[in-house]
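> model the structure of this input:
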Amino acid sequence: MARKKAAQGPKEVGAIKHDDKRTNIPTADAHDFVDPAVEEVRQVRYARDETLDPQLVWRGKYPDADSENAEDNDLVVDAPPIYIQEKIDPRVLIENLRDTAAKPDEEPELTLFDDFDGLPELDAVDFYKHDANWSNRMIVGDSLQVMSSLAERERLRGKVQMVYIDPPYGIKFGSNWQVSARNRTVRDGKLEDAAREAEQIKAFRDTWDLGIHSYLSYLRDRLHVARELLTESGSCFVQIGDENVHLVRSILDEVFGSENFCSIISFKTTSGAGSFAGGTNVLPAVNNFVLWYARDLQLVKYRTLYQEKSFSEAGTAYTSVEDHDGTRRRMTPEEQSGQKPVQGRVFRRDQTTSQTTRIGQTTVFPVTIPEGTFQPSKGGWKTNQVGMEKLRMANRLTGAKNTLYYIRYFDDFPVTSYTNFWDDTTTAGFGDPKIYVVQTNTKVIERCMLMCTDPGDLVIDPTCGSGTTSYVAEQWGRRWITIDTSRVALALARQRVMSAKYPWYILTDSAEGRDTEQSLSAQQLPKQQFTNDIRHGFVCERVQHITLKSIANNPDIKEGMSRKEIDAAIKKHADYELLYDKPYEDKKKVRVAGPFTVESLSPYRSLAFAGGPDESAGETAAAQDVDAQDFEQTILDNLAKAGIQNGRRKERIIFAAFESYAGEYIQAIGEREAQDADSGAGRVALAIGPQYGTVSPSFVKKAAREAINAEGVDLLCVLGFAFDAQVTGVTEEDGITVDASDEGFANVAATRKLGRIPVLMVRMNADLLMGEELKKTGAGNLFTVFGEPDIDVETTDEGVTVHLNGVDVYDPTTGEVRSNDTGQIALWMIDTDYNEESFFVRHCYFTGGNDPYKRLKTALKAEIDADAWSSLYSTTSRPFARPETGKIAVKVINDYGDEVMKVFEV
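Below is the predicted model of the structure:
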């Protein structure tokens, strides 16, 4: 666990440090340094075995079932590069809040980023060739492509210890995705609640286009890729409901082999009152399932977890008690039920015979105790004569009729291992706050993770949701990578992890760990050098495990010892079982999440159009793709009807006609209807971005240059479902857009005078992708000018301060820009020393209305005053020193996960 030296008095705030490395991948900020060869399309082939017998068959399982070439039905997956969008170290955000009066430097938190990657300056921009320091990862994108990229480009094949998949349970669009970070209410059948992200709609179509058939293909493909990532001792868990559990198990049998099935875990989700299965009046449905498969069952890593044992539970057989005077008797019904406390030592009778006979008949002999003389049944006793005599001296033998029994006390081992039925996982009413529509109980993932991984192991979740897997993995010292198509999900997960307070577990490989182990063992341990290596694990509580074998082999038990002396000898030599879910904690220290990054697939590769070697291939493939041409025509048809709005019904660009334009980036030029003379441009060039991708800065630049060369064009509208956060970085330096004093999405007046083309970023409503059923939402605004944040930067004697005033919205009827409030902004972040190579989150402010730092606020209330905490929920930043780089970057994220970044010179 990495620890900063704290000044005298303040609580130490630290994070777990992993000594593992990760491949140095490109950042979106340093895209200009990326070798074009890195962006070339790579494909990974996964062989399929069509001869499996038996196997589940569904429509579309084998795309070319009649082909004689087996490779025609292999799974082929694109493996695009992954780009880092943000680098986050939550310690920075806490250190920034501390009272810095006693500190020698003004911005102590800046140094925490100095060694984020641990690479020399030139190596840091030499991508896929060097190993950087480990940081955990949140990745936006199709999990199939992301996992293939991790395996192929980053050499993670065979390096993952656990994969946890929580796919959609049933064929319901609304129940699977959440549209806004501010509101988790999603109602099936309510079109206004359906997701509005192009990537999610594509994911939904990929999953459910053919109903259960495409769902099975979707899941089968991801399981194939996930299996390739697992270590030989790795495990895959799939969480699923009763609707499809039988089908999913069949697929897992095919992918992993039925011989590698570990267990099907049933966990309770509700008490069952009124929860009738499938909306019928039959048995209430009270549980979901986790299917557990190993990469190789013979090698699987497994750590036994225990829960407290109760003798009052049915079937435990602990029905007898030994009173303080040594008398043994049956428990009364009141004692057995727990209504009356037991004044004695609870025990049960256990077998003393074995099914096998040792060579030489050393376990076949008569045993005499006060109840009589006993002979073993076939096979012999469980121990030899010496061991049996020690059991007799310890008063651990009793007889009934012709059978000799071993006395097993309840406190010999007061815990029992978990079975595959977990009935303590209901989420109703209490527990972790629910922030996402489909949020898994932390207990479920926690147990799976603790059973099959150790601290430092790598865990992947291709279905991030609210980030429960990353949250749990961070708590237990596991490395993690989580993936989701939804920007809303990643926005929630980012906030959840960066603001979390975790217990400071004591590391085995630390001075504190040695001291704790020393006190537990009551023995002097040798001094040694410690490296705080998380891979040695935590110091955990342990429970004594007294067995027949440990007593029979006890070297200290001798004739003539008192009962008290014998009991002490038994405890001294008893085995212990570690309680992996109960590590010792240092409550004087505070732990936050370790460094992590937010990443995405290359913003220049469309999921639908990828196929060319250069960055333009993904974004201009419309010219060669029939489906893409249909998509563009659909956009133009709707554009003719709806026009372009800014959210207000009367403020829109209305087109009288369109003419085709044979450009690489521009598809058409629209003629505006006659309007007020001051309304702005008459001929508008239209550049339609990728159907299932992100509009990049490069796309905007090239479209604008194309518009400049087009005859009579005086306005360019770039239409997209999603925009890269750096599109606002397209400035006058590129020779195509705006006055640097008024840089942004909707700048018109100044640029017209300069003879340049003003550019509007127009966000298309994802209803255009949803088909007829989800298309008619009545939203009206199919094409809306994408507002940019209205930001002021002020420099005073106290330092630099950033003010977020709202969002600038362009009025296409007047050409003017108007500022709206910050009501839909979820959070905004500042890199106070932007180096143009990476965006480091040094300040973060939450305007979404909740209180993510509640637990940390309580833990550090004596050191960080209320005003400082309040500043985290402000639209005005705390003052900070002038950046050495001369630049700052501000990133704003709204409730829908849309991001915009602006760079300012200071």
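
> what about Ser660, neighbour count?
11 (other CB atoms under 10 Å). (C-beta placed from N, C-alpha, C; glycine too.)

> ignore what I typed, I meant Gln524.
Using other CB under 10 Å, Gln524 has 7 neighbouring residues.

> spatially nearest residue to it (excluding sequence neighbours)?
Distance criterion CB to CB, 6 or more residues apart in numbering; nearest residue to Gln524, sequence neighbours excluded, is Gln518 at 6.8 Å.

> quick one: the one you found and Pro526 touch, right?
No - with contact defined as CB atoms under 8 Å, Gln518 does not count as touching Pro526 (10.2 Å).

> who has more neighbours, the two?
The neighbour comparison of Gln518 against Pro526 (other CB under 10 Å) goes to Gln518, with 12 against 5.

> and the gap between that one and Tyr584?
12 Å (CB to CB, to the nearest Å).

> again with Asp296
Asp296 sits 33 Å away from Tyr584, going by CB to CB.

> who has more neighbours out of those two?
Neighbours were counted for Asp296 and for Tyr584 using other CB under 10 Å; Tyr584 has more, 18 against 15.

> can you give me the strands in the stretch 701-850 of the chain?
715-720, 759-764, 783-785, 788-796, 799-811, 816-820, 825-831, 840-841, 843-846 (DSSP state E, counting those that start in this stretch).

> pLDDT on the last one, on average?
Per-region confidence: strand 843-846 scores 88 on mean pLDDT.

> mind listing what that strand pairs with, with the direction of each?
Partners of strand 843-846 in the sheet, by DSSP bridges, are strand 825-831 (antiparallel).

> and the partner strand with strand 788-796, angle?
40 degrees (axes from the mean of the first three to the mean of the last three CA atoms, to 10 degrees).

> ok, residues contacting strand 825-831?
With CB atoms under 8 Å, 6 or more residues apart in numbering as the test, strand 825-831 has contacts from 86, 181-182, 491, 495, 789, 802, 804, 807, 839-848, 875, 877, 880, 888-895.

> which residues touch Thr463?
143, 165-167, 483-484.

> need phi/psi at it.
Backbone torsions for Thr463, taken as degrees, to the nearest 10, come to phi -130, psi 70.

> and if you look at Gln145?
Note on Gln145: backbone dihedrals following degrees, to the nearest 10 are phi -70, psi -40.

> what is the burial count for it?
Neighbour tally, Gln145, other CB under 10 Å: 23.

> quick one: it and Pro80 touch, right?
Yes - contact criterion CB under 8 Å: Gln145 and Pro80 qualify, at 5.9 Å.

> between those two, what contacts are shared?
Joint contacts of Gln145 and Pro80 (CB under 8 Å, 6+ apart) are Leu601.

> what about Asp797, distance to His803?
Asp797 sits 17 Å away from His803, going by CB to CB.

> more crowded one of those two?
Under the neighbour definition other CB under 10 Å, Asp797 and His803 were set side by side, and His803 has more, 13 against 5.

> mind listing what that one touches?
791-794, 875-877.

> beta-bridge partners for it, please?
Here His803, judged by DSSP bridges, has bridge partners Asp792, Thr876.

> for Tyr405, see how far away it is.
On the measure of CB to CB, His803 and Tyr405 end up 79 Å apart.

> tell me which residues are up against stretch 302-315.
316, 318-319, 336-338, 346, 410, 413-418, 447, 450-452, 454, 543, 577, 579-581.

> what helix or strand is Phe448 on?
Just to correct that, residue 448 is Cys rather than Phe. Using DSSP states H and E, Cys448 sits in helix 442-452.

> just checking, what packs against that helix?
Here helix 442-452 touches strand 160-165, strand 230-240, strand 287-294, strand 421-422, helix 468-475, strand 575-583, going by 3 or more CB pairs under 8 Å, 6 or more residues apart in numbering; DSSP states H and E.

> Arg345 against Pro414, yeah?
No - between Arg345 and Pro414 there is no contact under CB under 8 Å: 11.8 Å.

> state the mean pLDDT of stretch 133-142.
pLDDT averaged over stretch 133-142 gives 94.

> now that stretch, how far from the centre of its chain.
Mean-position distance between stretch 133-142 and its chain equals 9 Å (CA atoms, centre = their mean, to the nearest Å).

> now do the same end-to-end measure for it.
25 Å (CA to CA, to the nearest Å).

> where exactly do the strands run in the stretch 251-400 of the chain?
Under DSSP E, counting those that start in this stretch, the stretch 251-400 of the chain gives strands at 261-268, 287-294, 306-308, 320-323, 328-330, 344-351, 367-369, 372-374, 397-400.

> out of those, nearest to Arg478?
Comparison of those against Arg478 by CB to CB identifies strand 287-294 as nearest, at 17.0 Å.

> next, Ala657: phi, psi?
Torsion angles, degrees, to the nearest 10, at Ala657: phi -160, psi 160.

> burial measure for it, as a count.
11.

> burial count for the residue lying closest to Ala722 once chain neighbours are set aside?
With CB to CB, 6+ apart as the criterion, Ala722 has its nearest non-adjacent residue at 4.8 Å, and that residue is Thr694. Neighbour count for Thr694, taken as other CB under 10 Å: 28.
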